[in-house]
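Q: Next come a sequence and a model predicted from it.
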Amino acid sequence: ARIRRTALVPDVRVVLVADRIDQAELSRLGGFGLAAVLYRGSATRDRILGALSARVPSAEPEEARATRLTSEFHASEAEARYPRGFLDRHRLQSREVEILGLLADGFGTVEIADRMAYSERTIKNIISTLLVRFDLRNRSHAVAYALRTGII
């Protein structure tokens, strides 16, 4: 049976704990009291309670809510995977490190985009920025550089 939004108690707040998310799914879940989405590795009792008590905009459009929840999820994921001080002297963003790791594991642009819930264009832009920033020739060179310098 489908759950009707009108049947829900309006003050119910939900925190979703997940390994990965899809922004389209979040758009559909937003109306069911979804207050926050946390990465599984960062979902401590304090973070869940904090997410439940945090102020959420009441008249937030569903697409804006999905974007905000996606961003918060990626921030909690980055904090869990790459704690403060983890990144090396190049000050790479956690998503850049993750993309380099996925490239090293043999994933292509489409697979990385699906896995990280980004568009293919975003993944291509991040890789291109890395190549330019470190004066690298191609993706293989980027992976080799990341391995030699200890980034991954």
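A: Arrived safely, thanks for sending. Numbers count the residues shown, from 1 in each chain.
Q: all contacts plus neighbour counts: C-alpha atoms, from now on.
A: Noted.
Q: for the residue most central in space within the chain, what are its contacts?
A: The C-alpha lying nearest the average C-alpha coordinate of the chain belongs to residue 74 (C-alpha atoms, centre = their mean; 2.5 Å). Shown in contact with residue 74 (C-alpha atoms under 8 Å, 6 or more residues apart in numbering): residue 39.
Q: Which strand or helix spans it?
A: helix 62-81 (DSSP states H and E).
Q: just residue 56 next, same as before
A: Using DSSP H and E, residue 56 falls outside every helix and strand.
Q: what does residue 37 give?
A: Per DSSP H and E: strand 34-39 holds residue 37.
Q: residues in contact with that strand?
A: Identification of contacts with strand 34-39 by C-alpha under 8 Å, 6+ apart yields 13-20, 48, 51-52, 56, 69-70, 72-74, 76-77, 80.
Q: of those, buried ones?
A: The neighbour-count test (16 or more other C-alpha atoms under 10 Å) marks 14-17, 20, 48, 51-52, 69-70, 72-74, 76-77 as buried among these.
Q: Among those, give me the pair with the biggest separation.
A: Largest separation among these by C-alpha to C-alpha: 20 and 52, giving 19.8 Å.
Q: Residue 112: what's it in contact with?
A: Residue 112 makes contacts with 99, 102, 123, as judged by C-alpha under 8 Å, 6+ apart.
Q: Is it in a helix, a strand, or coil?
A: Classification of residue 112 using DSSP: H, G, I helix; E, B strand; the rest coil returns helix.
Q: And the strands in this protein?
A: Remark: strands assigned in the chain by DSSP state E are 14-18, 34-39.
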